[in-house]
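Enquirer: For reference, the sequence and a predicted model appear below.
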Amino acid sequence: MGEKKQTVPPQRQSQPGEEFKMTPAPRSKAREYIPAGKLSEKAAVITGADSGIGRAVAVMFAKEGADVAVMYLQEHKDAQETKRLVEEAGRKCLLISGDVGDSAFCAQAIRSAVDQLGHLEILVNNAAEQHVQQRPEDITDEQLERTFRTNIFAYFYMVRESLRHMQAGATIINTTSVTAYRGNPSLLDYSSTKGAIVAFTRSLALALTDRQIRVNGVAPGPIWTPLIPATFPEQKVEGFGADAPMGRPGQPDEVAPCYVFLASDDSSYMTGQVLHPNGGWVING
């Protein structure tokens, strides 16, 4: 028998979206994850970690023994739940709210994380936003700059400050997207930033080999997170992910193990690479 397909009913939220309002709730709490101490006593900073993929990564990192600084925009209720889950796993959780598109905030946030956690071994750049436009000429200057600030400028800001505190053996993981490889006609600016993240990841990996800091990426496919109902109209949300080869959307819990692998010594001979949890699409490039 084939895998049962998940049905996503129509729903709509305003940006940036909140997980506790979603139906069905995403699987982002790592309830069935079995840890092995792969990140014992390490400290991680994760952007966009209040919900979705970021939350699942935070919880799995905690289960593997890492303390976590959760960075997010303004979704305080979701962030508190992530904090509860991290602490339930027996690790420290620092909540830092603000706009990663602001370089001064990123610098302050990293300093705060290091001050309170004591050190920094893992950076996960994950925060993102997207806005649907059916025609390229409808993308305003404001939208273009905002998307690039959140999705790629912030990655530079976070890396620049984190490297002041990272030692040999540290890891950086960047979240890109299947849209960087397949494109999306209604997410032109978003897809462009995700392509930039791929190039950023490959180039940064080469720049940091002498420091023995590894840099890799993850390119999720259609994953059921708050970004979806906050971006698309109700009729597009209904049946989300059905066009993937596996016929359903992915869950954050199905993506987060990629980050655990890349953050741990299991991937010690990998840098400049991108993993593709995308439901079966074959990617070239």
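Expert: Good, I have the coordinates. Values in this document were obtained by computation on a predicted structure and should not be read as measured data.
Enquirer: which residues touch the residue nearest to the spatial centre of the chain?
Expert: Residue closest to the mean C-alpha point of the chain, counted by CA atoms, centre = their mean, is Asn126 at 2.9 Å. Asn126 sits next to Ile46, Thr47, Gly48, Ala49, Ile53, Gly54, Val57, Thr175 when contact means CB atoms under 8 Å, 6 or more residues apart in numbering. (C-beta placed from N, C-alpha, C; glycine too.)
Enquirer: swap in Ala58?
Expert: Ala44, Ile46, Ala49, Val68, Val70, Thr82, Leu85, Val86, Cys93.
Enquirer: and it, what helix or strand is that in?
Expert: According to DSSP states H and E, Ala58 maps onto helix 52-63.
Enquirer: Show the average pLDDT along that helix.
Expert: Taken as a whole, helix 52-63 carries a mean pLDDT of 97.
Enquirer: Can you name the next helix or strand after that helix?
Expert: Heading C-terminal from helix 52-63, the first helix or strand you meet, by DSSP H and E, is strand 67-72.
Enquirer: And the contacts of that next one?
Expert: The set of residues external to strand 67-72 that reach it, using CB under 8 Å, 6+ apart, is 42-51, 54, 58, 61-62, 78-79, 82-83, 86, 91-98, 100, 109, 112-113, 116-117, 127.
Enquirer: Asp253: neighbour count?
Expert: Counted with other CB atoms under 10 Å, the neighbours of Asp253 add up to 22.
Enquirer: my guess is Arg146 contacts Glu129, does it?
Expert: Yes: Arg146 is in contact with Glu129 according to CB atoms under 8 Å; the separation is 7.1 Å.
Enquirer: Now do the same contact list for Trp45.
Expert: Not quite, residue 45 is Val, not Trp. Val68, Ala69, Met71, Ala109, Ile110, Ala113, Leu120, Ile122, Leu123, Val124, Met158, Ser162.
Enquirer: Got phi/psi on it?
Expert: In terms of degrees, to the nearest 10, the main-chain angles of Val45 are phi -110, psi 130.
Enquirer: For beta bridges, what are the partners of the closest residue to it other than its chain neighbours?
Expert: Leaving out its chain neighbours, the residue that sits closest to Val45 by CB to CB, 6 or more residues apart in numbering is Ala69, at 4.5 Å. Following DSSP bridges, Ala69 is listed with bridge partners Val45, Leu94.
Enquirer: what about Ala69, distance to Gly52?
Expert: In this view, Ala69 and Gly52 are 17 Å apart by CB to CB, to the nearest Å.
Enquirer: quick one, which of the two is more surrounded?
Expert: The residue with more neighbours, out of Ala69 and Gly52, is Gly52; 29 against 25, by other CB under 10 Å.
Enquirer: Show me the strands in the stretch 151-285 of the chain, by range?
Expert: Counting by DSSP state E, counting those that start in this stretch, the stretch 151-285 of the chain has strands at residues 171-175, 214-218, 274-275.
Enquirer: Counting by contacts, list what the second one packs against.
Expert: Right, strand 214-218. Counting contacts by 3 or more CB pairs under 8 Å, 6 or more residues apart in numbering; DSSP states H and E, strand 214-218 is packed against strand 171-175, helix 188-207, helix 252-263, strand 274-275.
Enquirer: residue boundaries of the strands in the stretch 1-150 of the chain?
Expert: 43-47, 67-72, 93-97, 122-125.
Enquirer: okay if I get these as JSON lines plus mean pLDDT and distance to Ala242?
Expert: Listed next are the strands of the stretch 1-150 of the chain as JSON lines, based on pLDDT from 0 to 100; distance: least, CB to CB, whole Å:
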{"stretch": "strand 43-47", "mean pLDDT": "98", "distance to Ala242": "29"}
{"stretch": "strand 67-72", "mean pLDDT": "98", "distance to Ala242": "29"}
{"stretch": "strand 93-97", "mean pLDDT": "98", "distance to Ala242": "35"}
{"stretch": "strand 122-125", "mean pLDDT": "98", "distance to Ala242": "29"}
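Enquirer: Many thanks, we can stop here.
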